[in-house]
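Chemist: kindly return the folded structure for what I paste below:
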Amino acid sequence: MELKVERLDFEMADLSGSRFQKVKAEELYFDNVNLTKTQINNANMRGMALNDVNMSDFRISNANLTGTEIKNANFSHAVLDHVHLIGTEFRNVVLPMEGDGNYNPNGDYKPTSFVNCDLSNGQLTNCNLANLDIRDCNISGLKINGVLVEELIKNK
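Modeler: Got it, this is the predicted structure:
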């Protein structure tokens with residue numbers, strides 16, 4: 001397949017409903033754009049950077065996020081389904097603070113859930129686990145501050 005090479009520069013344009021199929025689109029630059037309900041399928045997004053983005057109701061499925069770094073992110077109601085998180089780091093993941101778009105003064109937020117996940121050999125460091133509910137999980141070797149949880153339960 002021979003590709004037509006063309007550089008486009010859009011400013012103050014409405015490209016809503018446009019379709020891009022079998023397109024090479026490396027090193028694109030988007031600034032102050034609305035990508036609501038955009039769908040990206042079967043794409044190589046290696047090295048892609050997202051900054052200052054609203055990812056509420058975001059969905060990621062069948063994705064390789066190996067080595068991804070997620071910090072200072074707001075993933076309200078996000079769903080990650082069948083993703084590889086090898087070496088992935090989540091940093092400064094917090095509930096919204098006063099002044100943030102999703103802030104709720106009553107603190108009524110939908111709980112963050114991990115379902116059918118393999119977090120073996122992972123680490124949680126300096127995290128708020130208040131009221132965390134662990135159900136039907138393999139806790140062999142699980143340590144909290146160096147203490148085996150199995151031993152605590154056995155000695156209870």
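Chemist: and the strands in this structure?
Modeler: 59-64, 69-71, 79-84, 89-91, 143-144, 147-148 (DSSP state E).
Chemist: show me what the lowest-mean-pLDDT helix or strand in the chain pairs with in its sheet, parallel or antiparallel.
Modeler: Lowest by mean pLDDT, DSSP states H and E among the helices and strands of the chain is strand 69-71, with a mean of 80. Strand 69-71 pairs in its sheet with strand 89-91 (parallel), by DSSP bridges.
Chemist: contacts for the strand it pairs with next, please.
Modeler: 68-73 (C-beta atoms under 8 Å, 6 or more residues apart in numbering). Heads up, the C-betas are built off the backbone N, CA and C, glycines and all.
Chemist: make a ChimeraX selection of the buried ones in these.
Modeler: ChimeraX command restricting these to the buried ones, with burial defined by 16 or more other C-beta atoms under 10 Å:
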select :68,73
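Chemist: pick out the most distant pair among the contacts of strand 89-91.
Modeler: Using C-beta to C-beta, the contacts of strand 89-91 span at most 14.0 Å, a distance reached by T68 and N72.
Chemist: where does this structure have low pLDDT?
Modeler: 1 (pLDDT under 70).
Chemist: and the contacts of stretch 99-114?
Modeler: With contacts defined as C-beta under 8 Å, 6+ apart, stretch 99-114 is touched by 54, 56, 74, 76-77, 95-98.
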